[in-house]
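*Asks:* turn this into a model:
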Amino acid sequence: MKKFDVLNWQIVPKMKLWFTISIIVILIGVAGMIINYVRVGSPVILGLDFTGGTILDLKFEKPADVGASRDILKSFGLGDAVIQVAQDGRLIVRTNKPLKTNEREKIFDSLEAKFGKLDRESIRVETIGPTISDELKKNGAIALGVGLLFIFIYITIRFQFRFAVVTVLALIHDVLVTFGFLALIGQELNSPFIGALLAIIAYSVEDSVVVLDRVRENLKILKGKMSYAEIVNKSICQSVTRSFNTSFTTFLAILALILFGGATIRDFSFTLLFGILSGTYSSIFIAAPLLVVWDKLSKHEIEEKPRKAIAPQPATVAVGSGSGEVVQKEESKSTRRKKKNKKKKKKGKRR
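*Replies:* Numbers count the residues shown, from 1 in each chain. This is a model prediction of the structure:
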């Protein structure tokens, strides 16, 4: 079996394949967002932190029933509430509007009449008002925008403008892929998601900077000896082992959080895990190959211009001279015709 040579991996020549894979994944994610928008009115399922409302986590003497619970909540104008029953029989209710204390007590009394005594020591109530949820959305968008702006400025100063552009495009790729994945699996997004998204961006930038820094160093050494595409491909191959090792160790750490970290940070860890995988892919297969596309566009080499048709060469006649030298005479058909016509005219004059 032939051993795979990482240093000679042809990544840039196959960049159309990598771009196609990314486009397909993004389109699948967009389809999931469209489905969510039709179902719940939002591309992704926003949690309590972003929508506002109340979560009730209740434990009764008897196991709770979703149908009976919904009938009781409808009488309070909460027919659109999300109702779940946990494996231990606990009733989890999420409403889209904040509930006041007296409203909660009335709901508790009605549910107690149906499912027995409520264990008031284990009640969990979380309420977030619409003002707080709107502020969280605003602050999250600002944090994301400011982060991308600072990254763009830093890479422009540290490297080149084109390096900054391809890095931000790779980050947008990671954000779209992550949102699409979360839309497909139906995961709720709460305030920890903002932290996970910023961590994904930071990790992806770190990976991209390592590859781009190698490109910059190789351009100084190999410019004129190799083509731009070959230099970029060589730089990626020199960095891919480091990127894989870093991603793999981070993957193991996050996997441990998912398995043993508990439900509180599981959503955060799961988002971070998928985002880091996407960031590793984009730094190797998207960001650096985009530099080659930029270079070709700047030189107008994306499509090779059709060659002009070669005009037919006039006939060549070899005539030997007395000294043995060969003299080449090129005569077109029109020239020969003119000579014949002149000879005919001369003969006519003599007669």
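*Asks:* residue ranges with poor pLDDT in the stretch 201-350 of the chain?
*Replies:* Applying pLDDT under 70 to the stretch 201-350 of the chain picks out residues 262-264, 300-350.
*Asks:* need the strands for it, in chain order.
*Replies:* For the stretch 201-350 of the chain, applying DSSP state E, counting those that start in this stretch gives strands covering 315-320, 326-331.
*Asks:* next, find the distance separating residue 123 from residue 25.
*Replies:* Going from residue 123 to residue 25 by C-beta to C-beta, to the nearest Å gives 43 Å. From N, CA and C alone the C-beta is placed, and that goes for glycine too.
*Asks:* then residue 102?
*Replies:* Relative to residue 25, residue 102 is positioned 49 Å away (criterion: C-beta to C-beta).
*Asks:* more neighbours: these two, which one.
*Replies:* Shown here are residue 102 and residue 25; by other C-beta atoms under 10 Å, residue 25 has more neighbours (17 against 7).
*Asks:* and the more buried one, that's in a helix?
*Replies:* Yes: assigned with DSSP: H, G, I helix; E, B strand; the rest coil, residue 25 falls within a helix.
*Asks:* buried residues of stretch 210-219, list them for me.
*Replies:* If you call a residue buried by 16 or more other C-beta atoms under 10 Å, then stretch 210-219 has these buried ones: 210-212, 214-215, 218.
*Asks:* and which of those is nearest residue 138?
*Replies:* residue 212 (32.4 Å; C-beta to C-beta).
*Asks:* so what's that closest one up against?
*Replies:* Contacts for residue 212 (C-beta atoms under 8 Å, 6 or more residues apart in numbering) come out as 155, 159, 163, 166-167, 287-288, 291.
*Asks:* let's see it at 10 Å
*Replies:* Shown in contact with residue 212 (C-beta atoms under 10 Å, 6 or more residues apart in numbering): 155, 158-160, 162-164, 166-167, 205, 232, 235, 239, 283, 287-288, 291.
*Asks:* what's the domain layout of this structure?
*Replies:* 13-42+131-298, 53-128 (automatic domain parsing).
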